[in-house]
Each structure stands twice: as C-alpha cells, then as structure tokens.
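Engineer: turn this into a structure:
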Amino acid sequence: MLRLWPVFALCSCALALSACGTATSTSGFKGAEHEVAQRIADLQSDVTAADRGKICGNDLAAPVVKGLGGRKGCEAALKHQINQIDNPEVTINAVKLSPDGKSATASVKSIHEGNSRTSTVALVKEGKSWRVSAP
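Structural biologist: Numbering: from 1, shown residues only. Now for the predicted structure:
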C-alpha cells in the first residue's frame, strides 16, 4: 500500500492529525507558486476535517488515486492513514515550478512522531488545478 504520511508531510504533511486546526500560510507566494501552496493548505484543511472525499477528489493526483484502487480504495486507505497523524501543522518553506509549468515541488516542514522533518512534495497540474502527486 502507498504510504501517505509523506504526501501529507504537509500536514505532518498531512495525515495523523490532531484537531488543532492551524492553517498553513500561503501569503508569501505569488502566482502559480501561490496556487501550489494553496493546494497544500487545502490538503491540510481536508486532512484536519478528515474529509476523505475531498482529499481523494480534490487534493491527490489521478494516478495516486488510481494506485490506491480508485476513489473508494483511496478513501478506504485514507481512513487508516488519517488516524496515524499526530500533528497537522505544516510550514511551506519553498515552492519550485518546473520550466514547463506542469509540475512543481514544495519543501514543507512538518512534525512526525515528535520530530521536525523537511520533505519535498511533488505536485502536477491537472487541468486548471494543482494536485499532490508524490511525497
């Protein structure tokens, strides 16, 4: 099974959330970088709310959802993963867009098992929206 905590290293990057509800700041980013940061903030919000439908439908890239067995498989996998997240807070350190503007990476700082971690999260542009494609 795909390990999702790094994908959500955003919310711890995103899955074993406590209910503190701190929002991820996107104010330091402009243009497409802001859109990428906003997707990460949306993911954190959806993980905090344990809204598996939004996570699978809005936040994760189609190949990730497909790899988890489609929408139902994705939601089932998230049910177990969300319960393992210990801290939903994430700080977006940097966003880097690919030269063609179809993919991006975000450096995010999160807390996992009490330890601070910096992870790189990959995103792709699907239509007009950015989606998390890999930890």
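Engineer: low-confidence ranges in the protein?
Structural biologist: 1-23, 86, 88, 135 (pLDDT under 70).
Engineer: and the biggest strand by length in it, what does it pack onto?
Structural biologist: The single longest strand within the chain, with elements called by DSSP state E, is strand 115-126. With contacts taken as 3 or more C-beta pairs under 8 Å, 6 or more residues apart in numbering; DSSP states H and E, strand 115-126 sits against helix 9-12, helix 31-48, strand 103-112, strand 129-134. All C-beta atoms are positioned from the backbone trio N, CA, C, and that covers glycine.
Engineer: list the buried residues in the third one.
Structural biologist: Right, the one you point to is strand 103-112. By 16 or more other C-beta atoms under 10 Å, the buried positions in strand 103-112 come out as 103-106, 108-112.
Engineer: widest-spaced pair of these?
Structural biologist: Spatial extent of the buried residues of strand 103-112 (C-beta to C-beta) is set by the pair Ser103 and Ile111 at 26.6 Å.
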